[in-house]
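Chemist: I'd like to go over a predicted model; first the sequence, then the structure.
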Amino acid sequence: MDETVRKWDGEASAFQGAFKRGQNEYNAALMAFLKEECGLAPGCRVLDIGCGVGKYGAYLAAMGCSVTLTDISPKMLEFAEKNLSEAGGSWCTVCGDWRDVPTVGPAFANKFDLAISTMSPAVCDVQTVEKMSAVTDGWCFATRFYKWDEPVRDEFLRRLGLPEKPGGRDLEKDCGELIRAVSAADFTPLVKYADYDWCDVRTPRESAERFLSRYFDGEPGEEVRAAAIEVANDMAGSGPISDAVRAKVAWIYWTTRI
């Protein structure tokens, strides 16, 4: 558990940077979908599991929802509390692994109209689906990447002479497992697929450090780091590196009302 907390604490600043860049087309489409299909409206009680820095929580609180946010990372929640304080509205945070978070006390005194978990491993199996559903009288919604294409990263690894990282996630399998978990929990999963493309602009050094941190589990060593920066500088030419990602996301949702 400590290793998992450290991992997500280490990602918190990057998540906050993305939050500061504001909502994008994908975020807007997701919120519109929740309004149209899952009954999201001002006054709703919403649970955000694996909330990160509160990207959606801040929007929900600002639109007049009462929001409870949970995350395993204290650093993520530190940013989330700052972001939601600026957004205003009614909200609270609960720190912990969703599997172990006690669903008692003021934050869980009444059932939620909507529970969401966006790109988070917190909801991943029958037990966590059942727990999410048990505190919700309305709709549950979870997202998973279904396909992922990152051509700049692939070119970087090729030039550095590194093979595709072994043991990578099978995204289609991840989606299938969550869909089956919803079914096994005696709910009917509905699925919609959405495109999610974006581009992050970084300096060559920032790009090299990011690619290396996501490839190696530990420190890569100074020789590899120096070679990576040289490759990144060559790829960039005289400007920054535009790291484009082309992805497809599965929106998995189900009603808890019989």
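Modeler: Nice, I can see it.

Chemist: buried set for stretch 223-238?
Modeler: Using 16 or more other CB atoms under 10 Å as the test for burial, stretch 223-238 gives 224-225, 227-229, 231-233, 236. (C-beta placed from N, C-alpha, C; glycine too.)

Chemist: Drop everything from these that is not in strands and list the rest.
Modeler: Residues of the buried residues of stretch 223-238 located in strands (DSSP state E): none.

Chemist: Tabulate those (a markdown table), appending pLDDT and distance to residue 17.
Modeler: Shown next, in a markdown table, are the buried residues of stretch 223-238 (pLDDT from 0 to 100; distance: CB to CB, whole Å):
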| residue | pLDDT | distance to residue 17 |
| --- | --- | --- |
| 224 | 94 | 25 |
| 225 | 94 | 22 |
| 227 | 96 | 26 |
| 228 | 96 | 21 |
| 229 | 95 | 21 |
| 231 | 97 | 23 |
| 232 | 96 | 19 |
| 233 | 96 | 22 |
| 236 | 94 | 19 |
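
Chemist: Longest helix in the protein, please.
Modeler: Identified as the longest helix of the chain according to DSSP state H is helix 2-20.

Chemist: elements contacting that helix?
Modeler: Identification of packing neighbours for helix 2-20 by 3 or more CB pairs under 8 Å, 6 or more residues apart in numbering; DSSP states H and E yields helix 55-62, helix 74-87.

Chemist: how many degrees apart are that helix and helix 55-62 in direction?
Modeler: Angle, helix 2-20 to helix 55-62, by axes from the mean of the first three to the mean of the last three CA atoms, to 10 degrees: 60 degrees.

Chemist: returning to what we had before: and among the helices and strands packed on helix 2-20, the most buried is which?
Modeler: Stretch with highest mean neighbour count among these: helix 55-62 (a mean of 22; mean count of other CB atoms under 10 Å).
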